[in-house]
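Undergrad: Any chance you could fold what I've pasted below:
(one chain, ligands or ions: 2)
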Amino acid sequence: MRLRARLIRAFLFIILVPAVAVWVTLFLLGQGHPNREALLSDSANFWLITVIALIALVATVILVILWINKSVLRRIRELQKATHEIGNGNLDYEVESLRDDEIGDLCDDFETMRRKLKESEQERRDADNEMRTVISNISHDLRTPVTAVKGYAQGILDGVTNSPEKLNRYVHTIYNKASDMEQLVDELSVYSKIDTSKIVYHFNRVDIETYMRGYADLIRLDLEAHNIDLSFRSTLPAPAEVIADTEHFKRVLDNIITNSVKYIDKSRGILDIRIRDAGDAVQLEIEDNGCGIPRQDLPFIFDRFYRTDLSRRSTTGGSGIGLSIAKKIVEDHGGRIWATSTEGVGTILHIVLRKYAEGNT
Ligand SMILES: Nc1ncnc2c1ncn2[C@@H]1O[C@H](COP(=O)(O)OP(=O)(O)OP(=O)(O)O)[C@@H](O)[C@H]1O
Ligand SMILES: [Mg+2]
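TA: Residues are numbered from 1 along each chain as shown. Ligands and ions are numbered 1, 2, ... in the order given. The predicted model follows:
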């Protein structure tokens with residue numbers, strides 16, 4: 001019942017109940033009274049009727065107050081408590097509507113507001129977490145070029161660059177690594193300016209073989225310095241294009257190669273990069289002859305912060321996020337990444353990317 005109807009009913013009660021009580025008393029007194037007209041002039045009867053009317057009035061008023069208290073005031077107090085709880089940050093405090101009246105509507109509106117607040121609070125928390133993840137990913141990826149720049153600069157200082165060509169190669173590598181750093185720092189400043197933590201991609205059509213060959217040439221010197229022989233082979237029957245953001249995709253490859261360098265435990269390292277055709281996709285394989293990954297760990301190595309016991313025991317260091325970054329970026333490219341490995345023999349990282357086809361986005 002709506003609140004107005006309830007109040008009208010309460011006022012009618014207050015008027016009608018004492019009136020009925022007076023009428024019933026008069027009726028009962030009149031039964032045994034010889035002269036009905038003189039009924040009220042009898043002062044005893046007058047006081048009796050007045051007292052009964054008062055008692056009926058007070059009782060009705062008390063009942064109406066209790067009724068209003070239960071149906072209105074108690075629920076307003078509940079709403080007030082809920083407002084305090086929400087004000088104190090407890091967004092799980094639910095308010096039940098119970099009745100179909102204005103206060104019930106208010107409870108419904110309050111509940112809708114609470115749910116919306118909770119959702120936006122959750123969204124804010126998710127965005128914060130995502131932002132933290134993005135920043136820690138970028139910091140992770142910054143470490144690789146920083147280490148390399150330090151290494152090459154140290155090499156120059158130690159006089160390792162005994163020929164102009166070697167010096168030139170070292171300086172070029174430092175320049176390339178510094179460019180990588182610049183891109184990552186730019187990315188950081190993009191995230192601090194925009195209101196989202198989603199990775200911003202600039203996708204382009206990329207000839208995958210040309211790109212991978214260029215990448216292999218770029219890392220060859222680095223690998224040589226670590227005693228690792230690099231080979232590159234493509235068995236694509238025809239040039240193939242993929243849709244990729246090369247800056248981000250380079251981070252995927254850098255993370256995989258950094259792992260191979262870290263986990264190669266043989267005196268002569270071998271790293272094979274292969275590209276092969278997979279129908280409407282191309283498959284990249286990056287194989288090393290490192291320590292390998294135990295079979296039971298393979299499903300988890302792409303999880304954030306997961307490191308195998310083997311790598312935790314080693315002195316290589318790391319936080320276990322490199323492959324989670326790689327997975328995120330590959331999946332954002334609509335691709336797939338996984339690993340196969342034999343302990344003590346080596347590891348292969350596989351990446352599948354769809355080929356670009358006209359009308360395919
Ligand atoms: N090529 C590899 N050979 C052997 N183990 C590997 C190889 N690549 C990854 N792993 C295993 O997978 C784990 C997860 O790799 P991931 O790159 O995510 O972390 P990380 O290299 O330990 O640390 P981070 O990349 O944060 O510096 C590694 O700790 C290691 O145990
Ligand atoms: Mg790593």
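Undergrad: and Ile293, how many residues sit next to it?
TA: 22 (other CB atoms under 10 Å). Quick note: C-beta positions are derived from backbone N, CA and C, even for glycine.
Undergrad: in the stretch 101-250 of the chain, which spans are helices?
TA: 102-157, 164-193, 208-225, 246-263 (DSSP state H, counting those that start in this stretch).
Undergrad: Quick check: Phe13 touching Thr60?
TA: Yes. Counting by CB atoms under 8 Å, Phe13 does reach Thr60; the two are 5.5 Å apart.
Undergrad: between those two, who's got more neighbours?
TA: Thr60 (19 against 15).
Undergrad: Can you check the pLDDT for that one?
TA: Looking at Thr60, its pLDDT stands at 92.
Undergrad: Report the contact partners of Arg205.
TA: 241-243, 356 (CB atoms under 8 Å, 6 or more residues apart in numbering).
Undergrad: Highest neighbour count among the residues you listed?
TA: Val242 (23 neighbours).
Undergrad: Which residue lies closest in space to that residue, excluding its sequence neighbours?
TA: Leu353 (4.4 Å; CB to CB, 6 or more residues apart in numbering).
Undergrad: What is the neighbour count of the one you found?
TA: Neighbours around Leu353, by other CB under 10 Å: 24.
Undergrad: For the protein, which element, helix or strand, carries the lowest mean pLDDT?
TA: When each helix and strand of the chain is scored by mean pLDDT, DSSP states H and E, helix 309-313 comes last, with a mean of 72.
Undergrad: Return the set of buried residues in that one.
TA: Within helix 309-313, the residues scored as buried using 16 or more other CB atoms under 10 Å are 310-311.
Undergrad: That helix and ligand 1, are they touching?
TA: Yes. Helix 309-313 is in contact with ligand 1 by CB under 6 Å from any ligand atom, via 310-311.
Undergrad: With stretch 269-281 instead?
TA: No. Stretch 269-281 stays clear of ligand 1 (CB under 6 Å from any ligand atom), getting no nearer than 9.5 Å.
Undergrad: residues in contact with that stretch?
TA: In this structure, residues lying in contact with stretch 269-281 by CB under 8 Å, 6+ apart are 208-209, 212, 216, 223, 226-237, 240, 257, 260-261, 264, 282-290, 335, 346, 352-355, 357.
Undergrad: Which strands or helices does the least confident helix or strand of the chain pack on?
TA: For helix 309-313, there is no helix or strand it packs on, judged by 3 or more CB pairs under 8 Å, 6 or more residues apart in numbering; DSSP states H and E.
Undergrad: That helix vs ligand 2: in contact?
TA: No. Residues of helix 309-313 are not located near ligand 2 by CB under 5 Å from the ion, the shortest gap being 8.6 Å.
Undergrad: chain center to whichever helix or strand comes after that helix, what's the gap?
TA: Going down the chain from helix 309-313, the next helix or strand is helix 322-332, by DSSP states H and E. How far helix 322-332 lies from its chain's middle: 16 Å, per CA atoms, centre = their mean, to the nearest Å.
Undergrad: quick one: secondary structure of the nearest residue to Glu111 once chain neighbours are set aside?
TA: With sequence-adjacent residues excluded and distances taken as CB to CB, 6+ apart, Glu111 is closest to Val95, at 5.5 Å. Of the three states, Val95 takes coil under DSSP: H, G, I helix; E, B strand; the rest coil.
Undergrad: neighbours of Val95, just the number please.
TA: So Val95, with other CB under 10 Å, has 21 neighbours.
Undergrad: Now it. Its backbone dihedrals?
TA: phi -120, psi 130 (degrees, to the nearest 10).
Undergrad: if I look at it, how far off is ligand 2?
TA: 50 Å (CB to the ion, to the nearest Å).
Undergrad: give me every residue that touches that residue.
TA: 78-79, 82, 107, 110-111, 114.
Undergrad: Would you mind putting these into a markdown table with pLDDT alongside?
TA: A markdown table is the format used below for those (pLDDT from 0 to 100):
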| residue | pLDDT |
| --- | --- |
| Glu78 | 89 |
| Leu79 | 89 |
| Ala82 | 92 |
| Cys107 | 90 |
| Phe110 | 92 |
| Glu111 | 93 |
| Arg114 | 94 |
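Undergrad: which residue sits closest to the residue in the stretch 101-250 of the chain positioned nearest to ligand 2 in space, ignoring its chain neighbours?
TA: The nearest approach of the stretch 101-250 of the chain to ligand 2 comes at His140, 8.1 Å away (CB to the ion). For His140, ignoring the flanking residues on the chain, the nearest one in space by CB to CB, 6+ apart is Ile321 at 5.3 Å.
Undergrad: Quick check: that neighbour touching Ile138?
TA: No. The pair Ile321 / Ile138 is not scored as a contact, 10.9 Å apart, by CB under 8 Å.
Undergrad: The residue nearest to Val242 in helix, strand or coil?
TA: strand.
Undergrad: how far out from the middle of the chain is the least confident helix or strand of the chain?
TA: 30 Å.
Undergrad: Report the buried residues of stretch 128-144.
TA: 133-134, 137-138, 140-142, 144.
Undergrad: Tabulate those residues (CSV), appending pLDDT.
TA: Shown next, in CSV, are the buried residues of stretch 128-144 (pLDDT from 0 to 100):
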residue, pLDDT
Thr133, 85
Val134, 82
Asn137, 86
Ile138, 85
His140, 88
Asp141, 88
Leu142, 90
Thr144, 88
